[in-house]
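Visitor: kindly generate the corresponding structure for this input.
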Amino acid sequence: TRGLKRLAELEARVEELTAQVKAGNLELLEECAEACLEFAEARKAGARERVRLDITTSTGKEGEAPRTTKAKAPAAAESYKPHDPEAPPKGPHGAAVKFATGAIVKYITVDLVGFIQINSSFTNQMPEIAWPSSFESISDAMRSAFNVGFASQLGSIDCLVPTTYCDRVLNIMLGYFGFLFGMPLFLAVLKYGCKTDPQKIAALFDISTKFWSVISIFIHPPLTNFVVYNMLCQNFPSGDAAYDDIKVLRADKALGCGTDTVCTGTAAVFLPLFTFGLPIGLLCWMRHGFSEPGRKHIRQQMGGDEEKVKAEIARYHARFGFFTLKYEAWYWWYEMFEMFRKLLLTSLGAAIVSGDKPYSQLLIKIAISFVFLVFFVRHSPFAASEVDIIVVTTQTSTLLTLMYALLIKIDFFEQESISQTTMATGMMIIQTVPVVIALGVMVWLMRSLFGDMVDEKAQAIHERSKRLSRQMSRSVKGAANTVSRRRIRTTETKVA
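Guide: Next comes the predicted model:
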């Protein structure tokens, strides 16, 4: 939207200077030439940005923008057309609507879900901290919904399968991999059994890959959390010194630490296969379609046929565009980096300092959160600065939550005579600020995207009302003149 406004301003300036030069003001000839060159460069930059965002059907020969180029504004989808004052007002074009839908529905929602997944896991990972009861109850509800906590709390099913924590985690992971392998099996049946058209199979493969990758990235942190908790142990909480040396599983105190083969086997298989294998596999797969070496390899495979190269790159955008198009071209890998951050804050942070060491775990998580926040602020990888603002807010809220927990642990609020109500209110403010800012940014985006349409419609209504006023004025004047002429004729007739 901002790019279109800039183009309109440049076009108006070029037209104005051209008119003055044609009128004989040759002193403005050089300035007119510079304005024309600036307008041409702006149009080229807009075309490159449209190619980079893959909003048009062609992805272009070089799909990546230079790393030094930081185009933060949403790009346009259609070729720029000069504004026609006589044309009827139109709404925002397809690119703006598409970007708004992505920014509002996808980008902001995905970041808020990740924020909830991380912050709601703290009360479960650090039960030694006296969290405010309101924050703890909300975290339990959010964890059950967004961290798939309900999957390990399905009730008693002793008649079918064992009900220990490790057995349930094993069933969850087997269910996920059954879902994962169901996609290629279904496509194989279509290809060899039903003899389906290869083009339809390819399109279905791209759609199913997108669906599978979205589901996998969302559930990766909670499922990893389940697997990691198969190894986390603590001292048996009996209160008797004679049992202090007994280690039990933190998630299921009926199981001894390291004694159950299902626990150790599940962790040994799914930690390398799922926890680390999934993000590494996705990163390598995405590299072929979004990195420059990967595209060169595609170009070699296709024998230099640019049409085939564009079609293949478009397929990669169809599969992984949900996670890559929201970032600048060079940061196509950032979603995997974000997965690593969630992994450290939700699972591995507790695994690194397992047992009864809340201070160490808190300090490690504060350090992790601070490092990732500094990295994000330094690079600002999102293509839209509005989403950068929201992500900075959510990551800052996560850091403040951990620091708040440290203050609770060292009894800062008790020593400062701060009431529990005030402490709980402060914690809830930290959690709600990102949501409020996200709603504000969404409203601002809607206003910026559809404001032009509203302004154009208002202008059209104003012009229409002016035309109606002129017509009514002419009609009233005509009627008054007619009445006046009739009166004059009548008077003349009487005089005669």
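
Visitor: can you give me the offset of the helix or strand containing residue 10 from its chain's centre?
Guide: Element membership for residue 10 (DSSP states H and E) is helix 2-22. Averaging C-alpha positions (CA atoms, centre = their mean, to the nearest Å) puts helix 2-22 36 Å from its chain's average.

Visitor: please identify the buried residues of that helix?
Guide: The neighbour-count check on helix 2-22 (16 or more other CB atoms under 10 Å) flags 3, 4, 6, 7, 10, 11, 13, 14, 17, 20, 21 as buried. Every C-beta, even on glycine, is put in place using the N, C-alpha and C of the backbone.

Visitor: out of those residues, who's nearest residue 323?
Guide: The closest of these to residue 323 turns out to be residue 3 (CB to CB; 24.1 Å).

Visitor: you'd agree the closest one is up against residue 46?
Guide: Yes - with contacts counted by CB atoms under 8 Å, residue 3 reaches residue 46, the gap being 5.3 Å.

Visitor: circling back: now do the helix holding residue 10: which elements does it pack against?
Guide: helix 29-52 (3 or more CB pairs under 8 Å, 6 or more residues apart in numbering; DSSP states H and E).

Visitor: average pLDDT for the helix it packs on?
Guide: Helix 29-52 carries an average pLDDT of 70.

Visitor: who touches the helix or strand where residue 364 lies?
Guide: Per DSSP H and E: residue 364 is located in helix 358-379. Helix 358-379 is contacted by residues 125-126, 128-129, 331, 341, 344-345, 349-350, 352-353, 388, 391-392, 395-396, 398-399, 402-403, 405-406, 409 when judged by CB atoms under 8 Å, 6 or more residues apart in numbering.

Visitor: just the buried ones from the residues you listed, in ChimeraX syntax?
Guide: Here is the ChimeraX selection string for the buried members of those, based on 16+ other CB under 10 Å:
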select :125,126,129,331,341,344,345,349,350,353,388,391,392,395,396,398,399,402,405,406
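
Visitor: how close does the closest residue to residue 334 other than its chain neighbours sit to residue 288?
Guide: Closest residue to residue 334 apart from its sequence neighbours, by CB to CB, 6 or more residues apart in numbering: residue 381 at 4.6 Å. Distance, residue 381 to residue 288, using CB to CB, to the nearest Å: 20 Å.

Visitor: which of the two has more neighbours?
Guide: Neighbour count, other CB atoms under 10 Å: between residue 381 and residue 288, residue 381 has more, with 22 against 16.

Visitor: I figured the more buried one hits residue 331, correct?
Guide: Yes - contact criterion CB under 8 Å: residue 381 and residue 331 qualify, at 3.7 Å.

Visitor: and the residue nearest to residue 228 when sequence neighbours are not counted, how many residues sit next to it?
Guide: Nearest non-adjacent residue to residue 228, counting by CB to CB, 6+ apart: residue 347, 4.3 Å away. By other CB under 10 Å, 25 other residues sit near residue 347.

Visitor: now swap in residue 236 and tell me
Guide: Residues near residue 236, counting by other CB under 10 Å: 16.

Visitor: need the contact list for residue 169.
Guide: Here residue 169 is in contact with 152, 226, 227, 229, 230, 266 (CB under 8 Å, 6+ apart).

Visitor: farthest-apart pair in those residues, please.
Guide: 152 and 266 (12.3 Å).

Visitor: looking at the two, which is more packed in?
Guide: Set residue 152 next to residue 266 and count neighbours by other CB under 10 Å: residue 266 wins out with 23 against 18.

Visitor: okay, the residue nearest to residue 334 and residue 116: tell me how far apart.
Guide: The value you get for residue 381 to residue 116, if CB to CB is used, is 21 Å.

Visitor: ranges for the strands of the stretch 101-250 of the chain?
Guide: Along the stretch 101-250 of the chain, counting by DSSP state E, counting those that start in this stretch, strands occupy 233-235, 247-249.

Visitor: take these and write them to TSV, including mean pLDDT, distance to residue 366 and mean neighbour count.
Guide: Shown next, in TSV, are the strands of the stretch 101-250 of the chain (pLDDT from 0 to 100; distance: least, CB to CB, whole Å; neighbours: other CB atoms under 10 Å):
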stretch	mean pLDDT	distance to residue 366	mean neighbour count
strand 233-235	76	22	17
strand 247-249	79	27	19
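
Visitor: can you redo those strands as TSV with distance to residue 219?
Guide: Putting those into TSV (distance: least, CB to CB, whole Å) gives the following:
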stretch	distance to residue 219
strand 233-235	25
strand 247-249	22
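
Visitor: with respect to residue 217, which of those strands lies nearest?
Guide: That would be strand 247-249 among the strands of the stretch 101-250 of the chain, by CB to CB, at 28.0 Å.

Visitor: average pLDDT for the helix or strand harbouring residue 484?
Guide: Element membership for residue 484, per DSSP H and E: helix 420-495. Looking at helix 420-495 alone, the average pLDDT works out to 75.

Visitor: now swap in stretch 168-185 and tell me
Guide: Mean predicted lDDT for stretch 168-185 stands at 87.

Visitor: now swap in stretch 190-208 and tell me
Guide: On average, stretch 190-208 scores 85.

Visitor: end-to-end on that stretch?
Guide: 14 Å (CA to CA, to the nearest Å).

Visitor: hmm, who's touching it?
Guide: 183, 186, 187, 315, 318, 319.

Visitor: which of the residues you listed ranks first by neighbour count?
Guide: Neighbour-wise, the contacts of stretch 190-208 (other CB under 10 Å) top out at residue 319, 22 neighbours.

Visitor: and the pLDDT at that one?
Guide: 87.

Visitor: what sits against it?
Guide: Taking CB under 8 Å, 6+ apart, we find residue 319 in contact with 206, 209, 210, 213, 289.

Visitor: at 6 Å what do you get?
Guide: 206, 209, 210 (CB atoms under 6 Å, 6 or more residues apart in numbering).

Visitor: in which helix or strand would I find it?
Guide: With DSSP H and E as the test, residue 319 turns up in helix 306-324.

Visitor: for that helix, the distance to its chain's centre please.
Guide: The answer for helix 306-324 is 19 Å, by CA atoms, centre = their mean.

Visitor: got the phi/psi numbers for residue 129?
Guide: Backbone torsions for residue 129, taken as degrees, to the nearest 10, come to phi -90, psi 140.

Visitor: same question, residue 326
Guide: phi -80, psi -10.

Visitor: let me know the pLDDT of it.
Guide: So, for residue 326, pLDDT stands at 82.

Visitor: what degree of burial does the residue lying closest to it once chain neighbours are set aside show, as a neighbour count?
Guide: Spatial nearest neighbour of residue 326, chain neighbours left out: residue 107 (4.9 Å); criterion: CB to CB, 6+ apart. Around residue 107 sit 23 other residues, with neighbours defined as other CB under 10 Å.

Visitor: understood, closing this out.
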